[in-house]
Every structure is written in structure tokens, then in C-alpha cells.
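Chemist: One predicted model, sequence on top.
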Amino acid sequence: MKAYHLNGHAGAGGLVRADVSKPAPANGEVRVRVEAASLNYRDLLILDRASQGGFNGRVPLCDGAGVVDAIGSDVVQWQLGDCVAASFFRDWVSGPFKASYVPSALGSGTMDGMLAEYVVLPATALVSVPAHLSSVEAATLPCAGVTAWHGLIARGGMGKGDTLLVQGTGGVALFGLQFAAALGARAIVISSSDEKLARAKALGGSILINYRDTPDWDVALMKATDGEGASHILELGGPGTYDRSLRSVASGGKIVQIGVLTGFGPKPDLARLQWENADIIGITVGSGEHFAAMNRFLTDNAIHPIVDRVYGFDEAPEAFAHLRTGSHFGKIVVKL
């Protein structure tokens, strides 16, 4: 079979396509014929680490969906031909998060990912995908979709009448926007592109702020909400946005801390959280149980993920390059 490996000696791309042996499932395992895999900002960070000599030989990408192709002994929950996706954390099936789950993150320094024609995983690490989604759409769910679900709904309790602030129009942001629209929550979207804001409006965004034209977007947000602020904030930016998020959160609100899109830097002043009785919810994706609950919600509300562009398997390096430009609206997918 064919697979991509991270390789710091491969030049600027950092990826090498290789012919390797097709894996066979052992007891309790399932082999999946991967039909599509999608990219996340995390994958750029890992690719950059590979260029510095780390993670060499690992198969990248944590997101992927496909069809059950072979089944090991003692597997009863899956049949040949079932459409499945892999959980981000192979070992986090349900219950509270444990630090011991971290090494089981797919496409990391310790675990191969999904950018291969076939993968073998424990049967417990797979989730049925909604029947109304294609494999390309299903491949976008494991990281970005589950992250938004876990933070905003499973932990954040977002519902009808709430106000959500969405930063940008990447994968997690648009899943959050779609969830808010389905729940009857008001969505505020900030972006540097009027074109992207117009597309976000079509998905349910009601207050649109171009932060390039309005750098003090937190002031504009407070004005647009009559001084109340946002009950839920998808904090995706990191140091470049955190202080404004703190100034935008409503009394009793929740900042769902996810991203580092502006890099790593100084820590914000959290004093306002105390005076507003607000919370920060730290989120790193979620469990298989979260994934399954989200899929039921997607099915009930006929939600289709937003796919920006689909690349062929041979074009995987180009997919990474496109992600790095930041020009995408939604998810970038590699179709196998």
C-alpha cells in the first residue's frame, strides 16, 4: 500500500510517499481502507517539527474516514463494509480525560495517523459516520468537529438564546457556527475577509466584524450586544486574541480555549474572569463518546461539514501548502 511519512530531509514539503506492507488486524483490531483524510492546523505544527528532525517516519494526519476492510478476532461491533472514522485519541473511548491518553493521539510523535491507504486500529477507536455524509465530509469530523462539540455543547452547554463568538472561518470555527445555528444561538463571526464573512452569514452568522477594518473588535462586539458580550467564545487565536476575548465575554460566560493560531506568547490577565463570574474551558478534542453524540446531532439536524478544497493523494503536499496560506474556508481534505 501507499502511505506518506514525515521526513525532515525531504525538503520544504517534509513529506515522503512510500510503498509499505499492508497491515493485518490482530485480536480486537480492525483494518480500515481509508477513503479520505483531512488537515488541521495541528498538522502544520507537526510538519514543522519534522523539518527540525522530529517525528521522522511517522504517518501524519489525525483525521480520516473509510470502510472496514478486515476484522481481527473478538471484534463484534463492526462488519465488513461499515463506514467509520477514527477518534483523535485512540485510547479515549469515554469518561473523563486522562493524561495517559495523550500518547494515543493519531498523527503525533508517538502514533501513526491516517494519511495512508490502510490503517489498523483497535475496534474501540472507531465511530460510525452519519449515513448522510460522504467519506470526504466524514473525514473532517474527528478533530475540528469533536473539538467544537466537546467545548461548546458537552462542556459549554450552549443552547437556544446564547451568543457565540467565532474567531475566523477555519474548521473548528465553522463547526461552532453550524452548531449555534442548529441550536438557535446567535453567532458573531470575526474575520479579515468580507467575502468569508458573507459566506459565514449564509451559514447563520448574525453579527459580522472585519477585524482588519475594526481592530478593536471587542469594542464593536460589546456595542453590538448592548454591552452584554458573548456567552460562549471559541478562543482559537491564542496570545493575539485572548485579551480581547476576555473583554468580550459575558457575565457568567465561557471561553472555550482551543487554539494557538497566532503562536505562543505572553499570558493574558485573567482578573476579569473573577469579576464576571466567567469560566475558561480547556479543550483538546474529545472522546469517542463525544464523537458519537456529535454524529447523532449532525444526523438529526442534517448538517454537512464545510469543505474548502479536495486534493488527490498525490497532491497531499499541496494540501499542506494551501492550509499554510490561511485562505481556506472550512476544511481541506485529501481523497484517497
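Modeler: Arrived safely, thanks for sending.
Chemist: quick one: contacts of stretch 123-133?
Modeler: With CB atoms under 8 Å, 6 or more residues apart in numbering as the test, stretch 123-133 has contacts from 28-30, 32, 65, 68, 71-72, 75, 77-78, 82-87, 90-91, 93, 135, 138, 141, 288, 291-292, 295, 298-299, 302, 304-305. Glycine gets a C-beta too; all of them are placed from N, C-alpha and C.
Chemist: Figure out how far it is from the centre of its chain.
Modeler: 16 Å (CA atoms, centre = their mean, to the nearest Å).
Chemist: Can you point out the buried residues in it?
Modeler: Of all the residues in stretch 123-133, those buried under the rule 16 or more other CB atoms under 10 Å are 123, 124, 125, 126, 127, 129, 130, 133.
Chemist: Ok, stretch 37-48 next?
Modeler: Quick answer for stretch 37-48 (16+ other CB under 10 Å): 37, 38, 39, 40, 41, 42, 43, 46, 47.
Chemist: Now for residue 70, how many residues are close by?
Modeler: Using other CB atoms under 10 Å, residue 70 is surrounded by 17 other residues.
Chemist: same deal with residue 222?
Modeler: Using other CB under 10 Å: residue 222 sits among 17 other residues.
Chemist: Just the element for it, please.
Modeler: helix 217-224 (DSSP states H and E).
Chemist: swap in residue 299?
Modeler: Residue 299 is part of helix 288-300 when elements are defined by DSSP H and E.
Chemist: One more: residue 67?
Modeler: strand 63-71.
Chemist: Buried residues in that strand, which are they?
Modeler: 63, 64, 65, 66, 68, 69, 70, 71.
Chemist: isn't the fifth one right up against residue 85?
Modeler: No: using CB atoms under 8 Å, residue 68 is not in contact with residue 85; the gap is 11.3 Å.
Chemist: circling back to that earlier point, given the strand holding residue 67, what are its sheet partners and their directions?
Modeler: Applying DSSP bridges, strand 63-71 is found paired with strand 29-38 (antiparallel), strand 83-86 (antiparallel).
Chemist: To what extent is residue 215 buried, counted in neighbours?
Modeler: 11.
Chemist: Just confirm it is within a strand.
Modeler: No: counting by DSSP: H, G, I helix; E, B strand; the rest coil, residue 215 falls outside a strand, being coil.
Chemist: quick one: it and residue 193, what's the gap?
Modeler: 15 Å (CB to CB, to the nearest Å).
Chemist: Show me the helices in this structure, by range?
Modeler: Taking DSSP state H, the helices of the chain run over residues 41-51, 135-138, 146-149, 171-183, 194-202, 217-224, 242-248, 271-276, 288-300, 316-325.
Chemist: deepest of the ones you listed, which one?
Modeler: Highest mean neighbour count among these (mean count of other CB atoms under 10 Å): helix 146-149, with a mean of 29.
Chemist: ok so, going back, JSON lines for the buried residues of strand 63-71, including distance to residue 113 and pLDDT?
Modeler: Output for the buried residues of strand 63-71, formatted as JSON lines (distance: CB to CB, whole Å; pLDDT from 0 to 100):
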{"residue": "63", "distance to residue 113": "8", "pLDDT": "98"}
{"residue": "64", "distance to residue 113": "7", "pLDDT": "98"}
{"residue": "65", "distance to residue 113": "13", "pLDDT": "98"}
{"residue": "66", "distance to residue 113": "13", "pLDDT": "98"}
{"residue": "68", "distance to residue 113": "18", "pLDDT": "98"}
{"residue": "69", "distance to residue 113": "17", "pLDDT": "96"}
{"residue": "70", "distance to residue 113": "19", "pLDDT": "98"}
{"residue": "71", "distance to residue 113": "21", "pLDDT": "98"}
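Chemist: State the pair within those residues that is farthest apart.
Modeler: The span of the buried residues of strand 63-71, defined through CB to CB, is set by 63 and 71 at 22.5 Å.
Chemist: so where's the stretch 151-300 of the chain shaky on pLDDT?
Modeler: 260-267 (pLDDT under 70).
Chemist: Low-confidence ranges, the stretch 1-150 of the chain, go.
Modeler: 9-13, 53.
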